[in-house]
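>>> The following block contains a protein sequence and its predicted model.
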Amino acid sequence: MNILVIGGAGYIGSHVTREFLDRGYRVTVFDNLSTGREENLFSDAEFVRGDILDAESLSAVMQRGFDGCVHMAALKAAGESMLEPEKYSVRNICGTIGVINQAVASGIRCLLFSSSAAIFGSPAYLPIDEAHPKEPENYYGFTKLEIERMLEWYDRLKGLKFASVRYFNAAGYDVRGRIRGLERNPANLLPVIMETAAGIRSSLSVFGDDYDTRDGSCIRDYIHVSDLASAHVLAFEKVIETGESLAINLGSETGVTVFEMLEVSRRITGRPIPATIAPRRAGDPPNLVATSARAHALLGWKPQYSDLDTLVESTWNVYRDVPEKPAS
């Protein structure tokens, strides 16, 4: 079958692209390379450079006859979204409306949407399942939730089937070392730690050490990006098989604190990794841990690489040879 991966040169998108290719799919990547990288493109996938906000280029590529489309082209920094909601409205909401409309017009059978645990906000209970109340606490999460609601309407009104795949903190790199393009201006914890270990940053900030957690820092559920990628393929195949849309939470079901991630990174890299305590960020819940029971039952999916050592080791294997920034 033929798959279009929008945002397929990005960090997560390149791993999803690789997984579809490994499983024998024909893949086309559509990316504007604003955050994606050319070194994340594969010779066995076609590449089309374009932007989801350019209706003409989006329409041209989507009319090529794809069975499915993976939509991963979005802004994703929760803190930034609270300061610049305008950017997130245009890129995440308006851009996705264009993708959905073109998917309908092109007869695409299934749209895989990269959603987020941020749609849930602070947990009313743990672990977070699919039935958990959806009350996002940052604007990024709001955009993802609104898109999920739009997809439900398009399923009812236009018959567009979808899978909403909700991430709980993607981390790690391909364990076989086939993907080595670094994220541009990363905001997530592990790449920031790795940049500090590699000397790209002089130190990192820990945003809050007074949360009601076991060591005062935030707890998050980190899942290896290759495990996420395999879930995308399984979700697509399930929607095609059943003709029913679905929404699933994907996490390792194990919570890791900021300080625990930092200490494991110091051990594996052998670097001191300086860190300073900074004020809490707006919209940061203290604890987010998923249950992936529905993905286990529905897709037969289980994470293989999401233990903390593999997350850190696979990331450090990419960052260890990055040249340090010259001294100013």
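Arrived safely.
>>> In this structure, what residue spans correspond to strands?
Taking DSSP state E, the strands of the chain run over residues 2-6, 26-31, 46-49, 68-71, 110-116, 161-167, 170-171, 204-207, 219-221, 223-224, 246-250, 255-257, 275-278, 287-288.
>>> closest to Pro191 out of those?
Of all the strands of the chain, strand 170-171 sits nearest to Pro191, with 8.1 Å by CB to CB. All C-beta spots, glycine's among them, are computed from the backbone N, C-alpha and C.
>>> And the closest one, what does it pack against?
In terms of contacts (3 or more CB pairs under 8 Å, 6 or more residues apart in numbering; DSSP states H and E), strand 170-171 is packed against strand 223-224, helix 225-242.
>>> out of these, deepest packed?
Of the helices and strands packed on strand 170-171, the one with the most neighbours on average (mean count of other CB atoms under 10 Å) is strand 223-224, at a mean of 26.
>>> Average pLDDT for that one, rounded please.
Strand 223-224 comes out with an average pLDDT of 96.
>>> Point out the other helices and strands that that strand packs with.
Partner elements for strand 223-224 (3+ CB pairs under 8 Å, 6+ apart): strand 170-171, helix 308-319.
>>> Go again with 7 Å.
Strand 223-224 sits against no helix or strand, with contacts defined as 3 or more CB pairs under 7 Å, 6 or more residues apart in numbering; DSSP states H and E.
>>> That one pairs with which strands, parallel or anti?
If you go by DSSP bridges, strand 223-224 pairs up with strand 170-171 (parallel).
>>> how distant is the strand it pairs with from the center of its chain?
7 Å (CA atoms, centre = their mean, to the nearest Å).
>>> which one of the strands of the chain has the lowest average pLDDT?
strand 287-288 (a mean of 86).
>>> And the contacts of that one?
Strand 287-288 is touched from outside by Ala117, Pro123, Leu126, Ile128, Phe168, Thr213, Ile219, Arg220, Asp221, Gly255, with contacts defined as CB atoms under 7 Å, 6 or more residues apart in numbering.
>>> Same check on stretch 155-170?
Here stretch 155-170 makes contact (CB under 7 Å, 6+ apart) with 12, 100, 103-104, 109-117, 119, 148, 151, 154, 188, 220-223, 225, 228, 231-232, 235-236, 239, 243, 245-251, 288, 290.
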